[in-house]
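Peer 1: Pasting the sequence and the predicted model now:
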Protein chains: 2
Amino acid sequence: MATSSRTGRLTQEQRTAATRARLLEATLDLIAEKGWAETTTQKICERAGVSRGAQTHHFPTKDNLLIAAVTEIVGRYQKDLDTAAADPAGQVRRLEDVFEFLWTACFEGNLLTCWMEVMVAARTDQVLGSMVRVTDAKAIDAMRAMGEMCQVQAAPPGASASDIIELTVYLLRGMVVQSGIDPDQQLRQRLFNVWKSVVTGRLT
Amino acid sequence: MATSSRTGRLTQEQRTAATRARLLEATLDLIAEKGWAETTTQKICERAGVSRGAQTHHFPTKDNLLIAAVTEIVGRYQKDLDTAAADPAGQVRRLEDVFEFLWTACFEGNLLTCWMEVMVAARTDQVLGSMVRVTDAKAIDAMRAMGEMCQVQAAPPGASASDIIELTVYLLRGMVVQSGIDPDQQLRQRLFNVWKSVVTGRLT
DNA sequence: CAATAAACAAACAAGATGGTCTGTATGTTG
DNA sequence: CAACATACAGACCATCTTGTTTGTTTATTG
């Protein structure tokens, strides 16, 4: 319990937190910029301004570091989800608002770009796969729950608002991958508007 | 022009075609099984039963081989597209049939799984990116053209059948990525049916 | 059949990557 | 202040990956 705030020195805890944060931030940046496969420990250390010895001290193996990075991605996205879900506390929500949230969460920043890299890598990576499976299921459940709060009546029997939400999630994920090679975001915005009008026209 | 079919020997042309085909097949298998990043020249040669010398003879660099593999993927998918497009020659097509084709083309075999690996890798790879950009645009155009052959009237102004098709493509691509970590294909089938009923209920 | 070219095999070289190891600096605690 | 634990720095090593090179086999052609 030594803050030592008046001196220029740092607590061990502070130093640990700082270097870990720098490593994770560099890892996320590299995944977004160079892709999952090109994200090596050396490049991470270089970008984070951390020696390789320090990295191996905090994260003994590369898996440790990458798992922590994926946890960080999930945590940030989950945080967005939580705030959005708690926004109109207990009240009824408009489906339109949910669409708007999903769109913004997909294309602001590079979080979803990182997540698509992780999902694709998880397909052929055991440890990553089991991790992504559970966290992704949780995220989709949370988003479906947002749909159930909407007062809409689905026209086709068996189609719920939650289903529409989940479909929208897959659509947006496909669009995020597309945005990696096609810069025409206006086209996607227009198509998403079509999607919204088609879906909302069918629900009441 | 020596066929030499009666002897046990092979023409140079035949040998070339055979080894190239084996290498490409092994490459596609590895991309589907291990992912883009784990697809190394050594593993390709090992799986193809081809020496590394032979590989470097036919494909001097790894890029050459991978580009040829991507071309093979695109070619096979384009072939599916062409046969499907030419099926009801010049006639009007049902939107339902197009949906069915898109679904089948996505989940039969592992072609689309490979394609998603390529698309994600293309985001951070210059040469791959320019290649994927043009071929993907062509494929989407071809699929949009199938939508334009459907005699449907879009209810929301500005929404064409082609737009619905393109939205469906992105939706299915998101689902393909999901299928890499979530084996519940029945869920996706059910959701896709929801999407279809939403659309067909909205179009006439 | 002889000469030439192509297909093929395998060893080698250069660089990158991830993990281990040894040593040093900094903070913590009795 | 002394003993100890943690954070950090950098060298080292085994492995893997890609590309080159050298030599051998097989097919083609005059």
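Peer 2: Noted; the coordinates are in hand.

Peer 1: Does residue A:38 touch residue A:29 like I think?
Peer 2: No. Counting by CB atoms under 8 Å, residue A:38 sits too far from residue A:29 to count as a contact (12.0 Å). C-beta coordinates here come from the backbone N, C-alpha and C atoms, glycine included.

Peer 1: More neighbours: which of those two?
Peer 2: residue A:29 (17 against 14; other CB atoms under 10 Å in any protein chain shown).

Peer 1: list the contacts for the closest residue to the more buried one other than its chain neighbours?
Peer 2: Leaving out its chain neighbours, the residue that sits closest to residue A:29 by CB to CB, 6 or more residues apart in numbering or on different chains is residue A:47, at 6.5 Å. Neighbouring residues of residue A:47 by CB atoms under 8 Å, 6 or more residues apart in numbering or on different chains: A:26, A:29, A:30.

Peer 1: repeat for residue A:170
Peer 2: Counted by CB under 8 Å, 6+ apart, residue A:170 has contacts B:171, B:174, B:175, B:178, B:191.

Peer 1: Run through these and flag the ones next to DNA strand D.
Peer 2: The subset of the contacts of residue A:170 within reach of DNA strand D, by CB under 7 Å from any atom of the strand, is empty.

Peer 1: Now tabulate those in CSV and tack on secondary structure, distance to DNA strand C and pLDDT.
Peer 2: Shown next, in CSV, are those (DSSP: H, G, I helix; E, B strand; the rest coil; distance: CB to the nearest atom of the strand, whole Å; pLDDT from 0 to 100):
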residue, secondary structure, distance to DNA strand C, pLDDT
B:171, helix, 34, 98
B:174, helix, 28, 98
B:175, helix, 30, 98
B:178, helix, 27, 98
B:191, helix, 37, 97
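
Peer 1: near chain A too, which of those residues?
Peer 2: B:171, B:174, B:175, B:178, B:191 (CB under 8 Å from any CB of the partner chain).

Peer 1: For those, give me CSV that also has neighbour count.
Peer 2: Putting the ones next to chain A among the contacts of residue A:170 into CSV (neighbours: other CB atoms under 10 Å in any protein chain shown) gives the following:
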residue, neighbour count
B:171, 26
B:174, 26
B:175, 25
B:178, 22
B:191, 18
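
Peer 1: Go through those residues and say which is closest to residue A:182.
Peer 2: residue B:174 (15.1 Å; CB to CB).

Peer 1: Any part of stretch A:118-135 near DNA strand C?
Peer 2: No. Using CB under 7 Å from any atom of the strand, stretch A:118-135 never reaches DNA strand C; the gap is at least 11.6 Å.

Peer 1: coming back round to it: distance check, the residue nearest to residue A:29 against residue A:28.
Peer 2: 10 Å (CB to CB, to the nearest Å).

Peer 1: follow-up on the earlier one: looking at the ones next to chain A among the contacts of residue A:170, which is nearest DNA strand D?
Peer 2: DNA strand D lies nearest to residue B:178 out of those, by CB to the nearest atom of the strand, at 27.5 Å.

Peer 1: ok, now which ones touch that closest one?
Peer 2: Residue B:178 sits in contact with A:119, A:170, A:173, B:188, where contact means CB under 8 Å, 6+ apart.

Peer 1: ditto for residue A:199
Peer 2: A:95, A:164, A:168, B:198.

Peer 1: For stretch A:163-171, C-alpha coordinates in PDB please.
Peer 2: In PDB, the C-alpha atoms belonging to stretch A:163-171 read as follows (Å, rounded to 0.1, in the frame of the first residue of the first chain):
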ATOM      1  CA  ASP A 163     -34.000 -13.600 -34.700                       C
ATOM      2  CA  ILE A 164     -34.000 -10.400 -36.700                       C
ATOM      3  CA  ILE A 165     -31.200  -9.100 -34.400                       C
ATOM      4  CA  GLU A 166     -29.100 -12.100 -34.900                       C
ATOM      5  CA  LEU A 167     -29.500 -12.000 -38.600                       C
ATOM      6  CA  THR A 168     -28.500  -8.400 -38.500                       C
ATOM      7  CA  VAL A 169     -25.400  -9.300 -36.500                       C
ATOM      8  CA  TYR A 170     -24.300 -11.800 -39.200                       C
ATOM      9  CA  LEU A 171     -25.000  -9.400 -42.000                       C
END
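
Peer 1: what separates it from the chain centre, distance-wise?
Peer 2: Chain-centre distance of stretch A:163-171: 16 Å, with CA atoms, centre = their mean, to the nearest Å.

Peer 1: anything in stretch A:70-88 sitting right up against DNA strand C?
Peer 2: No. For a cut-off given as CB under 7 Å from any atom of the strand, stretch A:70-88 has no contacts with DNA strand C; the smallest distance is 14.9 Å.

Peer 1: Show residues contacting that stretch.
Peer 2: By CB under 8 Å, 6+ apart, stretch A:70-88 touches A:24, A:28, A:101, A:105, A:111-112, A:114-115, A:118, A:128, A:131-132, A:135, A:138-139, A:142-143, A:145-146.

Peer 1: circling back: just checking, the residue nearest to residue A:29 is part of a helix?
Peer 2: Yes. Counting by DSSP: H, G, I helix; E, B strand; the rest coil, residue A:47 is part of a helix.

Peer 1: helix/strand/coil for the one residue sitting closest to the centre of chain A?
Peer 2: By CA atoms, centre = their mean, chain A has its centre lying nearest to residue A:77, at 4.2 Å. The local conformation at residue A:77, judged by three-state DSSP, is helix.

Peer 1: go on, the one 10 residues further on?
Peer 2: Judged by three-state DSSP, the three-state class of residue A:87 is coil.

Peer 1: What number of neighbouring residues does it come out with?
Peer 2: When neighbours are counted by other CB under 10 Å, residue A:87 comes out with 12.

Peer 1: do residue A:58 as well
Peer 2: 15.

Peer 1: Equivalent analysis for residue A:79, please.
Peer 2: Neighbour tally, residue A:79, other CB under 10 Å: 10.

Peer 1: Find the closest residue to DNA strand D in chain A.
Peer 2: residue A:53 (1.8 Å).

Peer 1: Let's see the strand or helix carrying that residue as PDB, backbone CA atoms only.
Peer 2: Assigned by DSSP states H and E, residue A:53 belongs to helix A:52-58. The C-alpha trace of helix A:52-58 is given here as PDB (Å, rounded to 0.1, in the frame of the first residue of the first chain):
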ATOM      1  CA  ARG A  52      11.300  -8.700 -25.000                       C
ATOM      2  CA  GLY A  53      12.400  -9.700 -21.500                       C
ATOM      3  CA  ALA A  54       9.600  -7.600 -20.000                       C
ATOM      4  CA  GLN A  55       7.100  -9.200 -22.300                       C
ATOM      5  CA  THR A  56       8.100 -12.700 -21.400                       C
ATOM      6  CA  HIS A  57       8.000 -11.700 -17.800                       C
ATOM      7  CA  HIS A  58       4.300 -10.600 -17.900                       C
END
